[in-house]
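Enquirer: below is the sequence, then the predicted model.
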Amino acid sequence: MVPRFRAAPVQSTCGSLSEFMRVDLSSLNAPQKSAVRTLDGPLLVLAGAGTGKTRVITMRMAELIGSGVPPEKILSVTFTNKAAKEMLERTRAILGGRLKTRPWISTFHALCVSLLRQDISRLGYPQKFTILDRGDQESVARSVLRDIRVTEKSLRPGDLLGIISRWKSAGLSPLRAAHEAVDDREYLATMAYRRYQDRLRSTGSVDFDDLLLLAAELFEEHPDVLDRHQQRFSHVQIDEYQDTNGIQFRLIEALVRKHRNLCVVGDDDQSIYGWRGADVQHILNFGRYFPGAQVVRLEDNYRCTDQILAHANRLVRHNRGRHGKVLRASKTSSHEVRFLNYPDEQLEAEKVVFEIRFHIQQKGVPAGDFAILFRTNEQPRLFESELRRQGVPYLLVGSQSFFDRKEIKDLMCYLKVLDRPEDEQSLLRIINVPSRGIGPGTSGKLLERAVKEGRPFWDVAGEAARAGDVPKKAAQALLEFRDLLRSWQVRFQNRPRDMAALTRELIDAIHYDREIEKQYPDPQQQLGRQAVVDEFIDALAGYVEKTPDPSLTEFLDNCSLNDRDEEPDKEQQAAENAVKLMTLHSAKGLEFPRVYMVGMEEGILPHKRSVDAEDERGIEEERRLCYVGVTRARDHLTLSRAESRIKWGSRRPTIPSRFLDEMRSEEDLETELEAGE
DNA sequence: CTGATTGACGTTTTT
DNA sequence: CGTCAATCAG
């Protein structure tokens, strides 16, 4: 039984979605059709940029449901929460009212949280564990490094986390890692790794890699659990398979071992997460791991113009170790790809924004058509202030800027402590926020004692307060704070539906507004910060509203995984009609009619760190990153660079990115040469 | 313990 | 040029 598909308009989170996405099954080309119709057995869809990969997955899901597979037996794993939501929306649009139950669509991390919430105690972890977000991880790393007296000069917290993450994705325990360490830095890192892991385990917290690692461990050590989940899902599909890392592969391999109904979709040329442990080999060797796999190649690009695609193809040809695809454009255009030089970075920002404003105001082009893409997070600053100055609406699609804000972190820690009183990591962050007379001296002493004696923080604190081991003022404050937390813990028990209102009350009770006033003398800024707090309450309220059985734990999980509930309506609308600013990494999977890639200079793209590494693979990944950027553009692509740039106070000339020449045709380069002479 | 001032120093991407 | 940690005077 094959369902009849209905064409339906679909809204993407980034504004417009190409026309291609809106059409129905009958318009698929032959390879696409065969991919969609392959319902059983391993299947590899090898596709280029703009060929409708995600659409194939969505269609296939609809096809499965149409042929009688219950939606909840289908597991679709995507790369980001946003993509997951979008995929669900699209499936719903294709099936119309026929989708009664929610298919299981998630990211790897959300999948693992759901597995672990049930069975993590089997691995000796507390039933209620905390997921550390990036900021938490960094502070653990920092304090571990302090413990073993490693200065930040020889190993910075961020770098340590990177090394640990790579080891974890490779499945290396601290002990094994110690054998593998090649230099002093890595040796230091192994010591830090052990302590880091001990610290997490003893506080009942996990980082992102642990989520995957523990889930894999659960499968390997508890066959009954694995069996249950193998039966739970009859079909598994994975989007963006080129970014799968070692643990993710283990997880999936275990899940599909019995039925082998696995469909993966990916583009080896778009693998840009190697630094995070992703391994292209998984997609390159798919056939080896899953013998008999059908391979479908999609090489018809429906997104970019022929000109843009020609540049993309020329660029990526410089990479070795790839499957080798040549994308065919289905769209021709007379718009040339433009290469622009500006004397300095200020002018680059000014002119680019001016041009965008011109098109919006004089030509009536929607602001949402534009995207400015860059390599690093410090680059957008100039563009932001320029956009603001010229009055152009914009949206900085920062990875986690919302959760990075101090206020959000503070409030999250309050909620974490209320949800899990034994979460001392979070307690320490808020014990003196707003300042209540418990300084670092006091809390440090108490923590040290608590750790040494292996007792809960509050036991030690109460004892010390009575014994007069801490200043009188601090002792008083400690007792008051403990009582405050206790009384709120009671109020937050039993999953109250008015969590948001309660949180608001809590904020008032601790006089958080006064803290804000103190921190920010500028009243304008104060308002901004207050708004951040309001936003947080809104997010919480939004979560409660659309969740049947809301819990603080789940809300906090979602926050750590950056799965924020729907943006408030205002923001949503602004997002639809605003110029998007984002890094190349976050642009993955999106598309825009007009793309500006800025700062095309050696040292930025490719980034200096990959150039210095002298490892050709680093450069190749940067090249793929550039390729991803180029292929985001549907109609207009502009690459620009500044001939000089200020760094650390002094202005220095720049060198054009090697990728610029690599992507230009012979003729282009020749005319350029003549013009130069 | 808190709040202000001075100095050193800095290379990337994120679930 | 910024940021952030270390330092010093209430």
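Expert: That came in fine, so what should we check first?
Enquirer: residues from the stretch 1-150 of chain A in reach of DNA strand B?
Expert: Within reach of DNA strand B by CB under 7 Å from any atom of the strand, the stretch 1-150 of chain A has these residues: A:79-81, A:107-109, A:134. (Each C-beta comes from the backbone N, C-alpha and C, glycine too.)
Enquirer: just the buried residues of these.
Expert: By neighbour count, with 16 or more other CB atoms under 10 Å, those hold A:79-81, A:107-109, A:134 as buried.
Enquirer: for residue A:106, give me its contacts.
Expert: Listed by CB atoms under 8 Å, 6 or more residues apart in numbering, the contact partners of residue A:106 are A:75-78, A:84, A:114.
Enquirer: shouldn't it be within a helix?
Expert: No. If the criterion is DSSP: H, G, I helix; E, B strand; the rest coil, then residue A:106 is strand and not within a helix.
Enquirer: which residues does it bridge with?
Expert: Under DSSP bridges, the beta-bridge partners of residue A:106 are residue A:77.
Enquirer: quickly note the distance from the residue in chain A that DNA strand B sits nearest to to residue A:432.
Expert: Closest to DNA strand B within chain A is residue A:439: 1.9 Å, counting by CB to the nearest atom of the strand. As judged by CB to CB, to the nearest Å, residue A:439 and residue A:432 stand 7 Å apart.
Enquirer: which phi and psi does residue A:379 have?
Expert: The phi and psi values for residue A:379, taken as degrees, to the nearest 10, are phi -60, psi -40.
Enquirer: thinking again about what came up before, and the buried ones among the residues of the stretch 1-150 of chain A next to DNA strand B, which of them are in helices?
Expert: Using DSSP state H, the members of those that fall within helices are A:81, A:108-109, A:134.
Enquirer: list the residues that contact the residue of chain A closest to DNA strand B.
Expert: Contacts of residue A:439 (CB under 8 Å, 6+ apart): A:432, A:474.
Enquirer: and the residue of chain A found nearest DNA strand C, how many residues sit next to it?
Expert: Closest residue of chain A to DNA strand C, CB to the nearest atom of the strand: residue A:649 (3.1 Å). By the criterion of other CB atoms under 10 Å, residue A:649 has 5 neighbours.
Enquirer: same deal with residue A:655?
Expert: Other residues lying near residue A:655 total 10 when counted by other CB under 10 Å.
Enquirer: which residue comes closest to it once chain neighbours are left out?
Expert: Once flanking residues are discounted, residue A:655 sits nearest to residue A:602: 4.2 Å by CB to CB, 6 or more residues apart in numbering.
Enquirer: for the one you found, give me phi and psi.
Expert: According to degrees, to the nearest 10, residue A:602 has phi -60, psi 140.
Enquirer: right, and it touches residue A:653 too?
Expert: No. With contact defined as CB atoms under 8 Å, residue A:602 does not count as touching residue A:653 (11.0 Å).
Enquirer: ok, these two, which is more surrounded?
Expert: Per other CB under 10 Å, whichever of residue A:602 and residue A:653 has more neighbours is residue A:602, with 17 against 9.
Enquirer: re the thing from before, ok, the residues of the stretch 1-150 of chain A next to DNA strand B vs residue A:666, which is closest?
Expert: Closest to residue A:666 out of these is residue A:79 (36.6 Å), distances taken as CB to CB.
Enquirer: just give me the longest strand of chain A.
Expert: If you go by DSSP state E, chain A has its longest strand at strand A:633-647.
Enquirer: in its sheet, what does the helix or strand following that one sit against?
Expert: Per DSSP states H and E, strand A:633-647 leads on to strand A:650-653 as the next helix or strand towards the C-terminus. The strands beside strand A:650-653 in its sheet (DSSP bridges) come out as strand A:633-647 (antiparallel).
Enquirer: wait, does the partner strand make contact with DNA strand B?
Expert: No. Strand A:633-647 does not reach DNA strand B (CB under 7 Å from any atom of the strand); its nearest approach is 8.0 Å.
Enquirer: just the buried positions in that strand, please.
Expert: In terms of neighbour count (16+ other CB under 10 Å), strand A:633-647 has its buried residues at A:633-643, A:645.
Enquirer: mind listing the helices for the stretch 401-550 of chain A?
Expert: Assigned helices in the stretch 401-550 of chain A, in chain order: A:401-404, A:406-419, A:424-430, A:440-453, A:457-467, A:472-492, A:499-509, A:512-519, A:523-545 (criterion: DSSP state H, counting those that start in this stretch).
Enquirer: reformat those helices as TSV; add distance to residue A:610 and mean pLDDT.
Expert: Below are the helices of the stretch 401-550 of chain A laid out as TSV (distance: least, CB to CB, whole Å; pLDDT from 0 to 100):
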stretch	distance to residue A:610	mean pLDDT
helix A:401-404	25	64
helix A:406-419	31	86
helix A:424-430	34	82
helix A:440-453	39	79
helix A:457-467	43	82
helix A:472-492	47	85
helix A:499-509	43	88
helix A:512-519	38	78
helix A:523-545	35	81
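Enquirer: closest one to residue A:554 among those helices?
Expert: helix A:523-545 (8.1 Å).
Enquirer: in the closest one, what's buried?
Expert: Within helix A:523-545, the residues that qualify as buried by neighbour count (16+ other CB under 10 Å) are A:526, A:529-530, A:532-533, A:535-544.
Enquirer: now do stretch A:604-614
Expert: Judged by neighbour count (16+ other CB under 10 Å), stretch A:604-614 contains these buried residues: A:604-607, A:610.
Enquirer: so what touches that stretch?
Expert: A:375-376, A:379, A:584, A:597, A:599, A:602-603, A:618-619, A:621-623, A:625-626, A:657-659.
Enquirer: buried ones from the residues you listed, can you make that a ChimeraX selection?
Expert: To isolate the buried ones among those in ChimeraX, judged by 16+ other CB under 10 Å, type:
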select /A:375,379,584,597,599,602,603,618,619,621,622,623,625,626,657,658,659
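Enquirer: looking at the contacts of stretch A:604-614, which are in strands?
Expert: Those of those lying in strands (DSSP E): residue A:597.
Enquirer: keep the contacts of stretch A:604-614, but drop any that are not near DNA strand C.
Expert: By CB under 7 Å from any atom of the strand, no member of the contacts of stretch A:604-614 lies near DNA strand C.
Enquirer: about what we covered before: between which two of the buried residues of stretch A:604-614 is the distance greatest?
Expert: Spatial extent of the buried residues of stretch A:604-614 (CB to CB) is set by the pair A:604 and A:610 at 10.8 Å.
Enquirer: how about the residues of the stretch 551-677 of chain A near DNA strand C?
Expert: Contact residues (CB under 7 Å from any atom of the strand) of the stretch 551-677 of chain A with DNA strand C: A:646, A:648-649.
Enquirer: using TSV, lay out these together with pLDDT.
Expert: Output for these, formatted as TSV (pLDDT from 0 to 100):
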residue	pLDDT
A:646	86
A:648	81
A:649	78
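Enquirer: and those residues, which is closest to residue A:139?
Expert: Closest to residue A:139 out of these is residue A:648 (26.8 Å), distances taken as CB to CB.
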